[in-house]
Structure formats: C-alpha cells, structure tokens
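>>> here are the coordinates; sequence isn't available:
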C-alpha cells in the first residue's frame, strides 16, 4: 500500500492533494505543522512526503534535512507559493525528490506522485530479494 504524508498549514491544499491522489490508490495523512509531521513519522511509515516550505513552526527545508537524516530513503516533494530557483536548488541539494510551485497543476502533482510511488515500490521489491 502506498502512503503519503502531506505537510502544509493550509488545510485546503491538503484536501486538494488528498482528493487528487485518491484515484491513484494512495492513502494520505495530512498534518499542519512540523511537530505533527515528526510525530506522524514516529508512529507510521510513509512511502513519500509532500511538504510545504513555509510552515508556522519552522522551515520545510529544515524538515527535509530531518527526514533525510532520520528516515533516509523516504522521498520528499517540496511545494511552495514562495519559490524561486535558489529555493528549488537548495531543496534538491538537500535531497528533495522534486520541487513544485503553488499553485500547482494537479496533473503535474499526480505525475510526480506516480513516479515517486513507483520508485518506492521498486526499492522495496529489491529489498525483498536481498532478505
């Protein structure tokens, strides 16, 4: 089963992402703060994460670094309404799977999520052969 953690302080954005991914058989958990995201990661495993950059309790790029350190191999797609080329480059250098500007095209979002889901599933198939 593919599970996504969505981190954005705008509930409408979370709902929009959840609805757009329903048809791809992706179960979503939405949280609205970095603190809640860290708690969710401790309680469950996620196939990938979609995270905003500007959050009420911190910087999404710092959260990305936290994920890379504590949950290596969990792909993170960064989204923001305040993006520029420098921010995108920083996110990718810190290990983001992709970077999408708001307002995002739902087709683009679905495409990125499909690619990350496929990558995640392939990685787990390889893991099972190694056991």
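Received the coordinates, thanks. In this text, all values refer to a predicted model and were calculated from it rather than measured experimentally.
>>> which residue is the nearest non-sequential neighbour of residue 90?
residue 61 (6.2 Å; C-beta to C-beta, 6 or more residues apart in numbering). Quick note: C-beta positions are derived from backbone N, CA and C, even for glycine.
>>> so the one you found is in which element?
Using DSSP states H and E, the element containing residue 61 is helix 60-70.
>>> may I see the buried residues of that helix?
Residues of helix 60-70 classed as buried by neighbour count (16 or more other C-beta atoms under 10 Å): 60-61, 63-64, 66-67.
>>> make CSV out of those residues and add pLDDT.
Listed next are these as CSV, based on pLDDT from 0 to 100:
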residue, pLDDT
60, 95
61, 95
63, 97
64, 97
66, 97
67, 97
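>>> hmm, back to that, distance-wise, check the residue nearest to residue 90 relative to residue 53.
Here residue 61 is placed at a distance of 6 Å from residue 53 (C-beta to C-beta, to the nearest Å).
>>> ditto for residue 84
For residue 84, the distance to residue 53 - C-beta to C-beta - is 11 Å.
>>> neighbour count: the two, which is higher?
For residue 84 versus residue 53, neighbours defined as other C-beta atoms under 10 Å are more numerous around residue 53 (25 against 10).
>>> for this structure, just list every one of the helices.
Secondary structure of the chain, counting by DSSP state H: helices at 11-22, 34-43, 60-70, 85-93, 106-130.
>>> what average pLDDT does the last one get?
So the one you mean is helix 106-130. The average pLDDT within helix 106-130 is 66.
>>> the chain should start at 8 in everything you say after this.
New numbering, starting at 8: the last item is helix 113-137.
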